[in-house]
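J.: here is a sequence with its predicted model. Questions after.
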Amino acid sequence: MITIIFESHSTTTDNEARLASGHNDVELSDAGLQQSKELGERRKGEHFDVIFCSDLQRSYKTAELAFGDKYLIIKDARLRECDYGDLTQKAKELIDAEKPGRINEPFPNGESYTQTCQRMHEFLQDLLRDYDGKTVMIIGHRATQYGLEHNIEGVSIEQAVTAPWQWQPGWEYHLESL
């Protein structure tokens with residue numbers, strides 16, 4: 001069994017402007033820089049065998065600022081946010097309204113949530129192969145968590161994508177099989 005601690009990346013300048021970043025590689029805001037340091041403080045007494053994050057800077061910089069070189073930090077593009085394609089950096093409200101219709105149908109020139117969950121499934125297969133018995137942290141995006149909810153908890157993709165979301169100080173998952 002693998003214990004997974006999921007943390008969302010810290011606040012970005014797009015978050016503050018209420019824009020949906022998707023694959024746009026946006027920077028952390030001043031508030032996000034502070035939140036990253038607070039993550040490190042909050043998790044100071046815990047041990048992780050490795051930290052995984054997406055290759056987008058809002059994810060890996062959250063990890064780097066929180067933990068420095070205390071843990072191995074591995075970037076993996078499969079942990080990215082959904083690719084909103086032509087709707088990248090459009091209003092968050094527009095993307096939220098589009099989400100229910102993008103479970104199987106990709107965003108224009110982007111991807112669907114079924115595709116993001118498949119990326120996560122492949123990542124989790126590798127995790128099972130290489131990290132059995134370990135505790136890992138994943139710092140990612142909403143789509144990353146949708147994939148965890150779907151692949152580990154058995155939540156339908158539609159339910160994961162449309163459920164109300166509220167930040168909390170981490171989520172814990174236990175991965176035994178897929």
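T.: Now that the structure is in, tell me what you want to look at.
J.: list the buried residues for the longest helix belonging to the chain?
T.: Across the chain, the longest stretch assigned as helix under DSSP state H is helix 113-130. For helix 113-130, a neighbour-count test (16 or more other C-beta atoms under 10 Å) marks 113-114, 116-120, 123-124, 127 as buried. Where you see a C-beta, it was placed from the backbone N, CA and C, and this is true even at glycine.
J.: and what of stretch 99-109?
T.: Quick answer for stretch 99-109 (16+ other C-beta under 10 Å): 99, 102-103, 106-107.
J.: also stretch 36-47?
T.: Buried, per 16+ other C-beta under 10 Å, within stretch 36-47: 36, 39-40, 43.
J.: mind checking the SS state of the residue lying farthest from the centre of the chain?
T.: Using C-alpha atoms, centre = their mean, the residue of the chain lying farthest from its centre is G45. It sits 22.7 Å away. Under DSSP: H, G, I helix; E, B strand; the rest coil, the three-state class of G45 is coil.
J.: OK, contacts around I74?
T.: Counting by C-beta atoms under 8 Å, 6 or more residues apart in numbering, I74 touches 50-53.
J.: state the next helix or strand along the chain beyond the helix or strand in which it is found.
T.: When elements are assigned from DSSP states H and E, I74 belongs to strand 73-75. Counting by DSSP H and E, the next helix or strand C-terminal to strand 73-75 is helix 92-98.
J.: how far out from the middle of the chain is that next one?
T.: Here helix 92-98 is found 18 Å from its chain centre; the criterion is C-alpha atoms, centre = their mean, to the nearest Å.
J.: can you check stretch 48-63 too?
T.: That offset, for stretch 48-63, works out to 9 Å (C-alpha atoms, centre = their mean).
J.: output that stretch as PDB, nothing but the C-alphas.
T.: C-alpha atoms of stretch 48-63 as PDB (Å, rounded to 0.1, in the frame of the first residue of the first chain):
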ATOM      1  CA  PHE A  48       7.900  11.600   2.700                       C
ATOM      2  CA  ASP A  49       9.900   9.200   0.600                       C
ATOM      3  CA  VAL A  50       9.500  11.400  -2.400                       C
ATOM      4  CA  ILE A  51       7.500  14.400  -3.600                       C
ATOM      5  CA  PHE A  52       5.900  14.400  -7.100                       C
ATOM      6  CA  CYS A  53       4.700  17.500  -8.800                       C
ATOM      7  CA  SER A  54       3.700  18.500 -12.300                       C
ATOM      8  CA  ASP A  55       6.300  20.200 -14.600                       C
ATOM      9  CA  LEU A  56       4.400  23.500 -14.400                       C
ATOM     10  CA  GLN A  57       6.200  26.000 -12.100                       C
ATOM     11  CA  ARG A  58       3.200  26.700  -9.900                       C
ATOM     12  CA  SER A  59       3.400  23.000  -8.800                       C
ATOM     13  CA  TYR A  60       7.100  22.400  -8.600                       C
ATOM     14  CA  LYS A  61       7.900  25.800  -7.100                       C
ATOM     15  CA  THR A  62       5.400  25.200  -4.400                       C
ATOM     16  CA  ALA A  63       7.400  22.000  -3.600                       C
END
